[in-house]
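1. how does the following fold in three dimensions:
(2 chains)
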Amino acid sequence: QVQLVQSGAEVKKPGASVMVSCKVSGHTLTQLSIHWVRQVPGRGLEWMGGYAPEDKETIYAQNFQGRVTMTEDTSTDTAYMELRRLRSEDTAIYFCTTGSQGSLLGTNFDYWGQGTLVTVSS
Amino acid sequence: DIQMTQSPSSLSASVGDRVTITCRASLSIGTYVNWYQQISGKAPKLLIYVASNLESGVPSRFSGSGSGTDFTLTIGGLQLEDLATYYCQQSYSLPFTFGPGTTVDIK
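-> A predicted model of the protein is given here:
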């Protein structure tokens, strides 16, 4: 059974960066395709990006291009999401989740971390 | 980007009622729709994938149907533990997008 455990809540000032971690257990990171989804409190879900196994690269949503970097440390089975140049609108819960192993077409998100609240406030 | 809309935005039903939630895509996406349940304060949970396939461990009262632009999630006999917000998600093209959600309340 795959489990994803995320790092704790963060409070950041506008313009700063934040890095959220996602520790995998039950599988190795190389067996999974990690994606990141965020949720502004009281609002819906927004896909930020994730690993595309067929292309062997990470794909980012246009809304976050240039501000986000998703990385993985296979030695510790931990995935990371760094978001830079934070603004108040980035206040949200950030989730890591696992996607499909093959093509991105038809991807569903079957395992989820517990979420990390990032608050951006001056 | 493909826009996903849902109706209704919220509903209230009694235990045992049959509940239907509709999701519409802004263009035809085949059967590339997934459904999630999010209980307040928790992470989303996958219920249905590729329109009609029940995720392992999900009760059989949940079912999905549809293709093209119109999709439906049905709860065939609402239970107290189904109090949650339900989201559809398209996996046809990038960026993956979610519907705004339907909140199900128990009368």
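
2. pick out the residue nearest the middle of the chain.
-> Assuming you mean chain A. A:W36 (2.8 Å; C-alpha atoms, centre = their mean).

3. I was after chain B.
-> Centre-most residue of chain B, counting by C-alpha atoms, centre = their mean: B:W35, 4.0 Å.

4. list the residues that contact that residue.
-> B:23, B:46-49, B:62, B:64, B:73, B:86-89 (C-beta atoms under 8 Å, 6 or more residues apart in numbering or on different chains). Where you see a C-beta, it was placed from the backbone N, CA and C, and this is true even at glycine.

5. helix or strand for it, which one?
-> Element membership for B:W35 (DSSP states H and E) is strand B:33-38.

6. list the buried ones in that strand?
-> Neighbour counts over strand B:33-38 (16 or more other C-beta atoms under 10 Å in any protein chain shown) mark B:33-38 as buried.

7. how about A:V68, nearest residue that isn't a chain neighbour?
-> With sequence-adjacent residues excluded and distances taken as C-beta to C-beta, 6 or more residues apart in numbering or on different chains, A:V68 is closest to A:L83, at 5.2 Å.

8. do you know how far the one you found is from A:I34?
-> 15 Å (C-beta to C-beta, to the nearest Å).

9. please apply the same query to B:E55.
-> Look at B:E55 and A:I34: by C-beta to C-beta, they are 19 Å apart.

10. quick one on the thing from earlier: what's the farthest-apart pair in the buried residues of strand B:33-38?
-> B:V33 and B:Q38 (16.3 Å; C-beta to C-beta).

11. B:G101 contacts B:Q89, correct?
-> No - taking contacts as C-beta atoms under 8 Å, B:G101 lies outside contact range of B:Q89: 10.8 Å.

12. related to what we said a few turns ago, just give the number of residues close to the residue nearest to A:V68.
-> A:L83: 24 surrounding residues under other C-beta atoms under 10 Å in any protein chain shown.

13. residues contacting it?
-> Contacts for A:L83 (C-beta under 8 Å, 6+ apart) come out as A:17-18, A:20, A:64, A:67-68, A:90, A:94, A:118.
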